[in-house]
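Asks: following is a predicted model, sequence given first.
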Amino acid sequence: MGFLLSKLTSFATVLLFVLCCFSFNSTDAYDPLDPNGNITIKWDIISWTPDGYIAVVTIYNYQQYRHIQAPGWSLGWTWAKKEVIWDMVGGQATEQGDCSRFKTTPPHCCKKKPTIVDLLPGTPYNKQYSNCCKGGVLRSWMQDPANAAASFQLSVGQAGTSNRTVKRPKNFTLMGPGPGYTCGAARVVKPTKYFSPDKRRVSQVMMTWKLTCTYSQFLAQKTPACCVSLSSFYNDTVVPCPICSCGCQNNITHPGSCVDPKSPYLASVVSAADKNSPLVRCTRHMCPIRVHWHVKLNYREYWRVKVTVTNFDYSRNYSDWNLVIQHPNFDNLTQVFSFNSKSLTPYGTINDTAMLWGIKFYNDLLMQSGPVGNVQSELLFRKNPATFTFEKGWAFPRRISFNGDTCVMPPPDAFPYLPNAGSRQYISLLTLIMICASTFAFTYAYA
């Protein structure tokens with residue numbers, strides 16, 4: 001009976017593991033510090049045409065601290081029937097496709113699966129639409145809500161001409177600018193309503209569809225994009241970023257994967273590099289971004305921290321960058337000296353997370369790797385006598401992210417420790433076994 005019970009238990013364990021493997025989907029992951037963050041796409045049909053409709057598509061970035069950076073977003077879908085795009089303003093399809101069946105003026109795009117991108121700044125006024133022409137860049141909702149949306153208008157042909165005959169596009173994809181976003185299906189919602197300029201009249205569109213796209217760092221990239229180093233005034237040890245945090249130097253299989261800052265050909269390599277591809281300085285961590293947290297000073301009622309963000313990428317500047325830092329003392333953050341800051345409360349009343357970003361026209365641009373490729377600020381915290389301590393690494397952050405991507409932290413046992421805590425003894429299991437064996441042999445030999 002016991003043998004049968006053991007077999008059933010093993011079978012149940014294996015079955016549960018298999019079910020978990022099939023039921024888990026990496027796209028279901030979300031950011032616990034921004035649980036409601038998403039990109040919402042709204043498709044408003046504003047009028048009908050003889051063979052289709054005219055629609056306004058608006059993309060809203062409701063993510064608190066994740067941008068869509070240059071070269072910008074691209075939105076794709078699959079038409080339900082044989083629709084074509086006759087014309088567009090505020091955006092353009094990347095390919096026209098095969099329009100040979102049209103004998104007169106060909107449509108703007110005839111592809112079954114079109115891909116739409118934003119127009120560049122400086123586009124002629126007759127091709128612009130509201131919130132367009134920013135090169136596909138969308139700012140985060142908390143930093144710059146005025147620039148967190150983009151819109152374009154398109155005229156669709158060979159489509160339905162009423163609410164009953166029109167069909168929703170399907171299989172939406174969003175690149176921002178690389179992978180990472182997963183979009184749901186478009187659903188019918190209440191038609192969007194608009195107020196007249198004098199606020200005395202309300203009009204509404206013919207039909208509105210809406211869908212949301214969520215981000216997963218797991219899908220976006222295989223390796224992290226930033227790391228964290230630590231130091232303090234009470235310990236001379238500087239804890240560097242973990243080795244190979246974002247990759248390892250391997251000039252044998254990937255020659256030219258990083259650039260030696262002491263190379264005499266540095267300037268020519270940087271000038272010839274692709275601006276959309278990383279050109280990282282050769283380091284032990286191989287991350288394009290390093291965030292350094294230094295516990296600087298200790299006062300009677302306050303303590304001070306210096307935060308430095310360094311860019312190790314020779315080919316890229318970071319405009320409107322941001323940091324999200326989790327530490328229990330952010331509920332008593334008194335002053336931030338040269339960054340903007342705002343509290344995040346993803347857990348309701350628990351205030352242990354803050355977002356930091358640069359001041360406009362002062363340090364909101366993190367320059368490429370070099371003498372000016374860093375930004376820094378100091379944070380002043382008020383002590384809470386019930387919780388404050390420098391022991392056991394309490395003064396160091398629990399989590400840091402840069403532009404929404406989680407950074408690699410050093411292990412907790414490597415954090416700088418107080419001098420009076422005594423020197424740490426790191427003894428591996430093999431060493432312990434060897435010491436015990438030697439002691440036993442010595443005792444047995446002289447017994």
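Replies: Thanks, I have the structure now.
Asks: show me the shaky parts of the stretch 151-300 of the chain.
Replies: Counting by pLDDT under 70, the ranges of the stretch 151-300 of the chain that qualify are 222, 251-256, 265, 268, 271-276.
Asks: go again with 80.
Replies: For the stretch 151-300 of the chain, the stretches flagged by pLDDT under 80 are 221-222, 250-257, 262-278.
Asks: for it, what spans make up the helices?
Replies: Using DSSP state H, counting those that start in this stretch, the helices of the stretch 151-300 of the chain run over 217-220, 266-272.
Asks: residue 348: which of these is closest?
Replies: helix 217-220 (24.0 Å; C-beta to C-beta). Any C-beta I mention is one placed from the backbone N, CA and C, and that applies to glycine too.
Asks: follow-up on the earlier one: can you tell me which of the helices of the stretch 151-300 of the chain is most buried?
Replies: Sort the helices of the stretch 151-300 of the chain by mean neighbour count, taking mean count of other C-beta atoms under 10 Å, and helix 217-220 sits at the top with a mean of 14.
Asks: which strands and helices sit next to it?
Replies: Helices and strands touching helix 217-220, by 3 or more C-beta pairs under 8 Å, 6 or more residues apart in numbering; DSSP states H and E, are strand 405-406.
Asks: which elements pack onto the strand it packs on?
Replies: helix 217-220.
Asks: can I get the helices of the stretch 151-300 of the chain in a markdown table with distance to residue 38?
Replies: Formatted as a markdown table, these follow (distance: least, C-beta to C-beta, whole Å):
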| stretch | distance to residue 38 |
| --- | --- |
| helix 217-220 | 14 |
| helix 266-272 | 37 |
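Asks: nearest to residue 398, out of those?
Replies: With C-beta to C-beta as the criterion, residue 398 lies closest to helix 217-220 of the helices of the stretch 151-300 of the chain, at 17.4 Å.
Asks: show me where the stretch 301-447 of the chain has strands.
Replies: 302-311, 318-319, 322-326, 333-336, 339-344, 353-358, 365-366, 374-382, 399-402, 405-406 (DSSP state E, counting those that start in this stretch).
Asks: dump the ones you listed to a markdown table, plus mean neighbour count, distance to residue 95 and mean pLDDT.
Replies: A markdown table is the format used below for these (neighbours: other C-beta atoms under 10 Å; distance: least, C-beta to C-beta, whole Å; pLDDT from 0 to 100):
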| stretch | mean neighbour count | distance to residue 95 | mean pLDDT |
| --- | --- | --- | --- |
| strand 302-311 | 19 | 35 | 97 |
| strand 318-319 | 18 | 29 | 91 |
| strand 322-326 | 24 | 34 | 96 |
| strand 333-336 | 14 | 47 | 94 |
| strand 339-344 | 17 | 40 | 92 |
| strand 353-358 | 22 | 37 | 95 |
| strand 365-366 | 19 | 34 | 94 |
| strand 374-382 | 19 | 40 | 96 |
| strand 399-402 | 22 | 34 | 95 |
| strand 405-406 | 16 | 31 | 91 |
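Asks: and of those, who's closest to residue 181?
Replies: That would be strand 405-406 among these, by C-beta to C-beta, at 13.9 Å.
Asks: that closest one pairs with which strands?
Replies: strand 399-402 (antiparallel) (DSSP bridges).
Asks: can you say which of the strands of the stretch 301-447 of the chain is nearest to residue 73?
Replies: Nearest of those (C-beta to C-beta): strand 318-319, 15.7 Å.
Asks: on that earlier part again, of the helices of the stretch 151-300 of the chain, which is nearest residue 407?
Replies: helix 217-220 (11.0 Å).
Asks: returning to what we had before: ok, which of the helices of the stretch 151-300 of the chain comes nearest residue 149?
Replies: helix 217-220 (21.6 Å).
Asks: could you dump that closest one to CSV, C-alpha only?
Replies: This file holds the C-alpha atoms of helix 217-220, laid out as CSV (Å, rounded to 0.1, in the frame of the first residue of the first chain):
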residue,chain,number,x,y,z
GLN,A,217,11.3,42.3,-20.0
PHE,A,218,11.7,38.6,-20.5
LEU,A,219,10.5,38.9,-24.1
ALA,A,220,12.2,42.2,-24.7
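Asks: tabulate the strands of the stretch 301-447 of the chain (JSON lines), appending distance to residue 412.
Replies: Below are those laid out as JSON lines (distance: least, C-beta to C-beta, whole Å):
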{"stretch": "strand 302-311", "distance to residue 412": "18"}
{"stretch": "strand 318-319", "distance to residue 412": "28"}
{"stretch": "strand 322-326", "distance to residue 412": "14"}
{"stretch": "strand 333-336", "distance to residue 412": "23"}
{"stretch": "strand 339-344", "distance to residue 412": "23"}
{"stretch": "strand 353-358", "distance to residue 412": "19"}
{"stretch": "strand 365-366", "distance to residue 412": "28"}
{"stretch": "strand 374-382", "distance to residue 412": "20"}
{"stretch": "strand 399-402", "distance to residue 412": "12"}
{"stretch": "strand 405-406", "distance to residue 412": "16"}
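Asks: of all those strands, which lies closest to residue 173?
Replies: strand 405-406 (20.7 Å).
Asks: pull the distance from the closest one to the chain's centre.
Replies: 6 Å (C-alpha atoms, centre = their mean, to the nearest Å).
Asks: got a list of contacts for it?
Replies: Here strand 405-406 makes contact (C-beta atoms under 8 Å, 6 or more residues apart in numbering) with 217, 220-221, 224-226, 399-400.
Asks: try stretch 355-366
Replies: 64-65, 142-143, 307, 309, 311, 317-325, 336, 338-344, 373-375, 377.
Asks: so residue 259 touches residue 315, yeah?
Replies: No. Residue 259 is beyond contact range of residue 315, at 9.4 Å (criterion: C-beta atoms under 8 Å).
Asks: now the common contact residues for the two.
Replies: The overlap between the contact sets of residue 259 and residue 315 (C-beta under 8 Å, 6+ apart) consists of 270, 279.
Asks: just to revisit the earlier point, between the strands of the stretch 301-447 of the chain, which one is nearest to residue 187?
Replies: Comparing the strands of the stretch 301-447 of the chain by C-beta to C-beta, strand 339-344 comes nearest, at 29.1 Å.
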